[in-house]
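Asks: Below: sequence and its predicted model.
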Amino acid sequence: MGIRHNLGTKEYYLGHNWECQGIQTGDKLGWWGIFDNRNAVQNAMIEVEHLSKVYGSTTALQDVTFAAQPGEILGLLGPNGAGKTTTMRILAGYLPASKGTAHIAGFEVHEHPMAVRQRIGYLPEAPPLYPNMTVEGYLHFVGRLKGLSAGDRPSRVQWSIKQCNLQDVQQTLIHKLSKGFRQRVGIAQAIVHNPPAIILDEPTIGLDPRQIIDVRHLIKSLAVDKTVILSTHILTEVSMTCQRVAIINYGKVVATSTLADLKAQQTDLLTYELDVQGARDRVEQCLQPLDGVLTWRWLPAQTAERRKVRVTCNPDTPIGHQLSHSLVHTGIEVHEMRRLGTSLEEIYLDLTTQEVDTSANDKDAP
Amino acid sequence: MSLIFNNIVAIFRKELQGYFKSSLAYVIAGVFWLLACSLWVSEVQLWTAQKEAGQVVDVPQESLQSFLSGMWWLVMFIMPSLSMGLYADERRHRTLELLATSPITNWAVALGKLLAVWTLFITLMLPVCLLELLFLSYADPPITAGVFIVGHLGLFLLAAAILSLGLFISSLADSSILAIILTYALILILSLLFLLGERWGEPWVAIFDQLSLVKHYVTLTQGVLDISSIILFVSYIVLGLFLTAQSIDLLRFQRR
């Protein structure tokens, strides 16, 4: 029961029947292994439990829970103002939480702030740079602040300069650098002291496409032995970089899952959207006898003749071809037919626009 | 413990290097040297002229004392311009988030900054002290080393107290200009507290006299090593640091 409880509260909030797969048998089943919370409690590099933050009368975070393992890149995804930055600031020890706990490498951020600060690299939304310092001088300064010894510092600084591709500008004053370079200096300061946990708030914002790709590579290379949490409101960012995602909206985590599972979970029911021209009842006559069609819903008509319908089907009996065949044979013109629920974009929009429903499901989840 | 020391040194070095890289510090140094040296020369000339006119004056003693009184005004006007950017710049560049998420306490940051700007002031004073010593080495009657040392100790403590309070004001303001104006206002009020005491009568006279920067500074410039004066200056320094650490801590609760 203990495991069941842990699983329910720590990892899964999707209001979904996940627990049936792993818990009832009690074994680690394939990919379930990584979500076994007995491991998570002991091994999680970053562990956030029931975190809430209230500013005056505004609730910025509400009961946020997630965990990230060593070697994992976790994306915090959500629209602007969802609470991503607040979460990261609490993790970095910059803001105290109103309720809940956050552990980094086993240290609670409120109880052992200094131990936590030594073990994290943090890139805030605006890179904290001193414009009158050179890149190298700045990284040496940060290294000293983070407690790097005089012996290790030069090699660590050179390592981070190399990682972030800053060799050409290491003697340049920071105020002369372009935005892309500044962002990279910001990342360099987050990794200069070799922290096991790295927290990056919107690391690719303001970069050009080439630089974005470089930064993604950099983040992936860091995650070999470190835990990276990054926040973004850009979906591609998550799908390109992260192994797991926590979707956050209105201060609540509405889903935490691997990307593949998130997709799989959302596509449990197969939905086709059809753009058809023809009488409504004739279309319905076509749909009715088809095996596997569960239900359909008409979207507001654009013109008198042409309208869209969403048909939900059983995924076990793929009926796409039957559907189109039957419609065309009845003489209905099909302008478009597409499968919904496969793009991450739709999942994201779905999750971030139905936050009330999802949170209700969360509470019911065991 | 060594981590705290290393952190203070890191902040100290960064701030000091920042001053040497900024044109503002050189302009301030130029103005300071010009005014301080001409003040010293004019005081010596003034008292020498009085002696030559037949008055009985101890020229070295009187010159030193009037010079240090004049330095009061100079320090009061120059120090806030050095302290104004200490935190205002950090706020402007949003680097406080870096300091607040590094293993360093607010105290250590404030102390490192104060030590750096105080060191800059001492550096500014070194050539001026050399000039004084050059004149005083020919003084007749010779001046006692104690008077010279205690007087300058008073000056350095006064500067540190003003810088410490300036540091606090700087932590409150986003803009350097606002910081400098507020610092002037605070220092003026603290200096002229004794006037308020005289107006209100007892027991305010005694209380405000004890709190006033001017009265205690004057005691030290006369060569009197008064422990209570030193305690007062040190208290202002510690108060400034304490308030700075608190105000930086409070900043984190602001929603930005």
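Replies: Right, received. Where do you want to start? Numbers count the residues shown, from 1 in each chain, chains lettered A, B, ... in the order given.
Asks: can you list the weak-confidence ranges in the stretch 1-150 of chain A?
Replies: For the stretch 1-150 of chain A, residues meeting the criterion pLDDT under 70 lie at A:1-43.
Asks: can you confirm residue B:97 is in a helix?
Replies: Yes - in this structure, residue B:97 lies within a helix as judged by DSSP: H, G, I helix; E, B strand; the rest coil.
Asks: Nearest residue to it in space, please, no chain neighbours.
Replies: residue A:124 (4.5 Å; CB to CB, 6 or more residues apart in numbering or on different chains). Using the backbone N, CA and C atoms, a C-beta is placed for each residue, glycine as well.
Asks: Next to chain B, which bits of chain A? Give me the list.
Replies: Within chain A, the residues that sit near chain B (CB under 8 Å from any CB of the partner chain) are A:55-56, A:58, A:89, A:92-96, A:114-115, A:117-118, A:120, A:122, A:124, A:126, A:128-133, A:137, A:141-142, A:144-147, A:189.
Asks: Just the ones of those residues in strands?
Replies: Residues of those located in strands (DSSP state E): A:55, A:58, A:120, A:122.
Asks: okay, which residue is most central for chain B?
Replies: Centroid-nearest residue in chain B: residue B:159, 1.1 Å away (criterion: CA atoms, centre = their mean).
Asks: any idea how far that one is from residue B:132?
Replies: Look at residue B:159 and residue B:132: by CB to CB, to the nearest Å, they are 16 Å apart.
Asks: For the ones in strands among the residues of chain A next to chain B, pick the one with the most neighbours.
Replies: residue A:120 (29 neighbours; other CB atoms under 10 Å in any protein chain shown).
Asks: where do the strands sit along chain A?
Replies: Using DSSP E, the strands of chain A run over A:46-55, A:58-68, A:73-77, A:99-104, A:107-108, A:120-123, A:197-201, A:227-232, A:244-249, A:252-258, A:270-277, A:293-298, A:306-313, A:333-340.
Asks: Which stretch among those approaches residue B:149 most closely?
Replies: Ranking those by proximity to residue B:149 (CB to CB) places strand A:120-123 first, at 47.3 Å.
Asks: how far away is residue A:144 from residue B:7?
Replies: Residue A:144 is 7 Å from residue B:7, by CB to CB.
Asks: How about residue B:157?
Replies: To residue B:7, residue B:157 is 25 Å away according to CB to CB.
Asks: Ok, residue B:165 next?
Replies: In terms of CB to CB, residue B:165 sits 23 Å off from residue B:7.
Asks: For residue B:102, find the nearest of the strands of chain A.
Replies: Closest to residue B:102 of those, according to CB to CB: strand A:120-123, at 8.9 Å.
Asks: Now do the contacts for the residue lying closest to residue A:316 once chain neighbours are set aside.
Replies: Nearest residue to residue A:316, sequence neighbours excluded (CB to CB, 6+ apart): residue A:292, at 7.6 Å. Contacts were defined as CB atoms under 8 Å, 6 or more residues apart in numbering or on different chains; by that measure residue A:292 touches A:313, A:314, A:316, A:317, A:318, A:319.
Asks: Any idea what residue A:231 is bridged to?
Replies: residue A:76, residue A:201 (DSSP bridges).
Asks: That one reaches residue A:73, doesn't it?
Replies: No - using CB atoms under 8 Å, residue A:231 is not in contact with residue A:73; the gap is 11.8 Å.
Asks: Could you find the closest non-adjacent residue to the residue in the stretch 151-300 of chain A positioned nearest to chain B?
Replies: Proximity to chain B, evaluated over the stretch 151-300 of chain A using CB to the nearest CB, is greatest for residue A:189 at 7.2 Å. In space, and not counting its chain neighbours, residue A:189 is closest to residue A:142: 4.5 Å by CB to CB, 6+ apart.
Asks: end to end, how far does stretch A:167-184 reach?
Replies: Start-to-end span of stretch A:167-184 (CA to CA, to the nearest Å) is 11 Å.
Asks: For chain B, list the residues in contact with chain A, please.
Replies: Close to chain A, as judged by CB under 8 Å from any CB, chain B has residues B:3, B:6-7, B:9-11, B:13-14, B:17-18, B:21-22, B:93-104, B:252-253, B:255.
Asks: surely residue A:192 meets residue A:148?
Replies: Yes - taking contacts as CB under 8 Å, residue A:192 lies within contact range of residue A:148: 7.3 Å.
Asks: Have a look at these two and say which one is more surrounded.
Replies: Counting neighbours by other CB under 10 Å for residue A:192 and for residue A:148 shows that residue A:192 has the greater number, 27 against 21.
Asks: where's that one relative to residue A:185, distance?
Replies: Using CB to CB, one gets 10 Å for the distance from residue A:192 to residue A:185.
Asks: Over to residue A:288?
Replies: Here residue A:288 is placed at a distance of 64 Å from residue A:185 (CB to CB).
Asks: Excluding chain neighbours, what is closest to residue B:79?
Replies: residue B:162 (4.3 Å).
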